[in-house]
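[1] requesting a structural model of the entry that follows:
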Amino acid sequence: MAAQTVWQDWIGRTETRQGCLTVELAGMLSGALGHAAAPAPGLAPGAAMPPLWHWAAFPEFVPLSELGTDGHPRLGGFLPPLPYARRMWAGGRLGFEGQLRIGEALEKRSEILAVDEKQGATGPMVFVRVAHVTVGGAGRVEEEQDIVYLDIPERFTPPKKLPLPEAPAFDERVPVNEARLFRYSAATYNAHRIHYDLPYAREVEKYPGLVVHGPMQATLLMEAGLRHAGGSAPRAFRFRGVHPMFADEDMRLIGKRDEDGALELCTGTPSGHQCLQARLELV
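    Here you go, the predicted structure:
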């Protein structure tokens, strides 16, 4: 109970950071996300920033001595000091106004909205909900992220596999391999070892293989949805992970429009189940 009281003290904590998606960082992201169906975006200074690329604009320059065993910065700074070894980005919700641009100065204000302990099928877990507002010269992105912390299990027990949607409007395949995971980790300055260190992923966190980044899946779905919508701009986007994706299979990008004109999206595996679900609402 005392520990939970300390965690609650983190609610309302804020931080403000300055950032920029430089042309060089944009090029690194383009190299990590590129695939046959997607034309390369323009990367000149002042060019429109593809949606969700702002996630790479605020790298955490934490000394190696301040990283945890998993490669993330140790908890207890901005995020509460939770006693759980596994971290997952469970989902998020975003709203877009105007247009962020490559090379412009950005500011991000973050606030911890909630710290909730729950009992899951594998034991206790804590959900941390964090709000971010990112602004540039004429653009603004408001978002909430759900981060879940839990104990590492003795063995991997996969969640229930959800079947892929029938009769989608599009179904693309993106090759997934170690090089793509490494490039995305490098572009986002993400040292989480489950994405590039196979012995760690298997022996410590008990995954069967390297884990494909949730934010990378979300970004690829956003790009595919906008392209198939004819270049419309995003108004809102939400996503949640329903099953880990591993690097032993390629990624499928699947989507179709619903009755309201929004796009219902998911990533999936060639073997036939969903990994990340998303909904994209257009301007």
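[2] show me the contacts for R140.
    Residues near R140 by Cβ atoms under 8 Å, 6 or more residues apart in numbering: 96-98, 133-134. Bear in mind the C-beta positions are built from the backbone N, C-alpha and C, glycine included.
[3] and E104, what is it in contact with?
    Counting by Cβ under 8 Å, 6+ apart, E104 touches 20, 46, 136-137.
[4] let's see that with 10 Å instead.
    20-21, 45-46, 49, 57, 136-139 (Cβ atoms under 10 Å, 6 or more residues apart in numbering).
[5] how near is it to A47?
    10 Å (Cβ to Cβ, to the nearest Å).
[6] hang on, the earlier thing: could you turn the buried ones of the contacts of E104 into a ChimeraX selection?
    This is how ChimeraX selects the buried members of the contacts of E104, with burial counted by 16 or more other Cβ atoms under 10 Å:
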select :21,49,57,136,139
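[7] among the contacts of E104, which are in strands?
    Residues of those located in strands (DSSP state E): 138-139.
[8] where does the prediction get shaky in the stretch 1-150 of the chain?
    Along the stretch 1-150 of the chain, the parts satisfying pLDDT under 70 run over 1-5.
[9] cutoff 80 now
    Across the stretch 1-150 of the chain, the stretches falling below the confidence threshold (pLDDT under 80) are 1-6, 120-122.
[10] quick one: average pLDDT of the longest helix seen in the chain?
    If you go by DSSP state H, the chain has its longest helix at helix 214-228. Mean per-residue pLDDT for helix 214-228: 97.
[11] alpha carbons of that helix, as PDB, please.
    C-alpha atoms of helix 214-228 as PDB (Å, rounded to 0.1, in the frame of the first residue of the first chain):
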ATOM      1  CA  GLY A 214       4.200  -1.200 -31.700                       C
ATOM      2  CA  PRO A 215       4.900   2.400 -32.700                       C
ATOM      3  CA  MET A 216       6.400   1.200 -36.000                       C
ATOM      4  CA  GLN A 217       3.300  -0.900 -36.700                       C
ATOM      5  CA  ALA A 218       1.100   2.200 -35.900                       C
ATOM      6  CA  THR A 219       3.200   4.400 -38.200                       C
ATOM      7  CA  LEU A 220       3.000   2.000 -41.100                       C
ATOM      8  CA  LEU A 221      -0.800   1.600 -40.700                       C
ATOM      9  CA  MET A 222      -1.200   5.400 -40.600                       C
ATOM     10  CA  GLU A 223       0.800   5.800 -43.800                       C
ATOM     11  CA  ALA A 224      -1.100   3.000 -45.600                       C
ATOM     12  CA  GLY A 225      -4.500   4.300 -44.500                       C
ATOM     13  CA  LEU A 226      -3.800   7.800 -45.700                       C
ATOM     14  CA  ARG A 227      -2.400   6.600 -49.000                       C
ATOM     15  CA  HIS A 228      -5.500   4.400 -49.700                       C
END
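[12] ok, the following helix or strand past it: who's next to it in the sheet?
    Going down the chain from helix 214-228, the next helix or strand is strand 234-241, by DSSP states H and E. Here strand 234-241 is paired, per DSSP bridges, with strand 86-99 (antiparallel), strand 274-282 (antiparallel).
[13] from these, which stretch is densest packed?
    The highest mean neighbour count among the strands paired with strand 234-241, using mean count of other Cβ atoms under 10 Å, belongs to strand 274-282: a mean of 21.
[14] that one: how far from the chain's middle?
    Chain-centre distance of strand 274-282: 12 Å, with Cα atoms, centre = their mean, to the nearest Å.
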